[in-house]
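Student: model the structure of this input:
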Amino acid sequence: MMQTIIEDFAEDPTERSRLANLVDLGKTFIKQQLDHHVIKENMVNTHGLEYALTNPDKNVPIKDGECNGCIFLPWVVSQIKGTVRRSTFGGADVQQDAWDVLKVCHDK
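Tutor: Coordinates of the predicted model:
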């Protein structure tokens, strides 16, 4: 799906290639490392299965650590959203698709 969005909205071939490479790196992280990050118990808010599954309504202390691997995935999505926002590729149909992509990403 990400690849389709990149192909539809990245006008510049260099930008298209850059985003495709970022998506590939993200896939590799998910396949090879994410499961290890989920079971870690430390002060990183994206680590720890129990912490991740805690009801957000409960008053749970916020962890203040960051993991470059875990924050990479949302950063890649933000890069793709930026490309979609800047896109002037195609006509009205494509622009409606752009709005739909941003809506799904909660970024209307």
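Student: CA only for contacts and neighbour counts going forward, please
Tutor: Will do.
Student: isn't K40 up against G48?
Tutor: Yes: the pair K40 / G48 is scored as a contact, 5.2 Å apart, by Cα atoms under 8 Å.
Student: what about those two, which has more around it?
Tutor: When neighbours are counted by other Cα atoms under 10 Å, G48 comes out ahead of the other of K40 and G48, with 17 against 13.
Student: name the SS class of N42, please.
Tutor: At N42, secondary structure determined by DSSP: H, G, I helix; E, B strand; the rest coil is coil.
Student: count the residues that sit near it.
Tutor: Here the count is done by other Cα under 10 Å, and N42 has 13 residues near it.
Student: mind listing what it touches?
Tutor: For N42, the contacting residues are G48, taking Cα atoms under 8 Å, 6 or more residues apart in numbering as the criterion.
Student: how far away is it from L73?
Tutor: Separation of N42 from L73 (Cα to Cα, to the nearest Å): 20 Å.
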